[in-house]
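Colleague: Quick one: sequence plus predicted model below, questions after.
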Amino acid sequence: QVQLVQSGPEVKKPGASVRVSCKASGYSFSNSGIIWVRQAPGQGLEWVGWIAPYNGNVRYAQRLQGRVSMTTATSMNTAFLELRSLTSDDTAIYYCARVDCSGGGCYWVYWGQGTLVTVSS
Amino acid sequence: QSVLTQSPSASGPPGQRVAISCSGSSSNIGSHTVHWYQQLPGTAPKLLIYNNDQRPSGVPDRFSGSKSGTSASLAISGLQSEDEADYYCAAWDANLNGHVFGGGTRLTVL
């Protein structure tokens, strides 16, 4: 069965960087994109970006451009999210999900369990 | 401020029908498909409806979706207590070149 397992919680100081991993199993990792979504405490969902493991193409949310990087290690079936110059506004649960596309739309059926990133001095 | 607009809350008694709306623009809902996600407290979102009106396997037919112009709607009939959750709409936005979400609607079953 398809599973996405994320790395554990992180606590970082303002200005630092964080890297979150998302290990996939149960399907051919290179065949599907991975998206990242975050959710600040008590807030709604925010799309962070999308990476295609098969060619490395990425799309980032405009408001995070310059601070965010997404990569994959196909040999490890793992996707990575790095966020730099952290502020308290980046405190959130970060989710990865597999991208499925059909009928002209792309959506997310399989999700990781989420990784809490806390930014605090 | 979310790109897609949802009412913050909705409610209804068990067995009732409730509709949750999602309003956007020509760059998102008007030209791309809409998807709906259900999020129970403390859990990851779950896909409820994709491509405007399609249900993934395992989602009860009490849940249905529709789209007209730049708006979309999620209907839940025969409300049950386990339907209490947050519901989010999502779509691709051509201007932002990324996916956008609604702010979420918290459903309370009275």
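Modeller: Here it is on my side, so go on. Numbering: from 1, shown residues only, chains lettered A, B, ... in the order given.

Colleague: Quick check: phi and psi at A:Ser75.
Modeller: Dihedral pair for A:Ser75: phi -70, psi -20, per degrees, to the nearest 10.

Colleague: Just the pLDDT for it.
Modeller: Per-residue confidence (pLDDT) for A:Ser75: 94.

Colleague: same check, this time on A:Phe29
Modeller: So A:Phe29 comes in at 95 (pLDDT).

Colleague: Please apply the same query to B:Ser2.
Modeller: In this model, B:Ser2 carries a pLDDT of 89.

Colleague: Please apply the same query to B:Ser26.
Modeller: For B:Ser26, the predicted pLDDT is 97.

Colleague: how deep is it tucked in, by neighbour count?
Modeller: 11 (other C-beta atoms under 10 Å in any protein chain shown). Yep, even glycine has a C-beta here, placed from its N, CA and C like the rest.

Colleague: same question, A:Glu82
Modeller: With other C-beta under 10 Å as criterion, A:Glu82 counts 13.

Colleague: who's in contact with the residue lying closest to A:Gln113 once chain neighbours are set aside?
Modeller: Once flanking residues are discounted, A:Gln113 sits nearest to A:Gln6: 5.8 Å by C-beta to C-beta, 6 or more residues apart in numbering or on different chains. Taking C-beta atoms under 8 Å, 6 or more residues apart in numbering or on different chains as the criterion, A:Gln6 is in contact with A:20-23, A:94-96, A:112-115.

Colleague: out of those residues, who has the most neighbours?
Modeller: Taking other C-beta under 10 Å as the neighbour criterion, A:Cys96 ranks highest of the contacts of A:Gln6 with 31 neighbours.

Colleague: Could you check the helix or strand containing it and say which residues are buried?
Modeller: If you go by DSSP states H and E, A:Cys96 is part of strand A:92-102. Within strand A:92-102, the residues scored as buried using 16 or more other C-beta atoms under 10 Å in any protein chain shown are A:92-100.

Colleague: same thing with stretch B:75-82?
Modeller: B:76, B:79.

Colleague: And the contacts of it?
Modeller: B:12-20, B:62-66, B:83, B:107, B:109.

Colleague: now swap in stretch A:94-107 and tell me
Modeller: For stretch A:94-107, the surrounding residues in contact (C-beta under 8 Å, 6+ apart) are A:2, A:4, A:6, A:20, A:22, A:24, A:27, A:32-39, A:48, A:50, A:79, A:81, A:108-112, A:114-117, B:32-33, B:35, B:44-45, B:47, B:50-52, B:54, B:90, B:92.

Colleague: Kindly recompute the last result at 6 Å.
Modeller: A:4, A:20, A:22, A:32-38, A:108-112, A:114-115, A:117, B:33, B:35, B:44, B:47, B:50-51 (C-beta atoms under 6 Å, 6 or more residues apart in numbering or on different chains).
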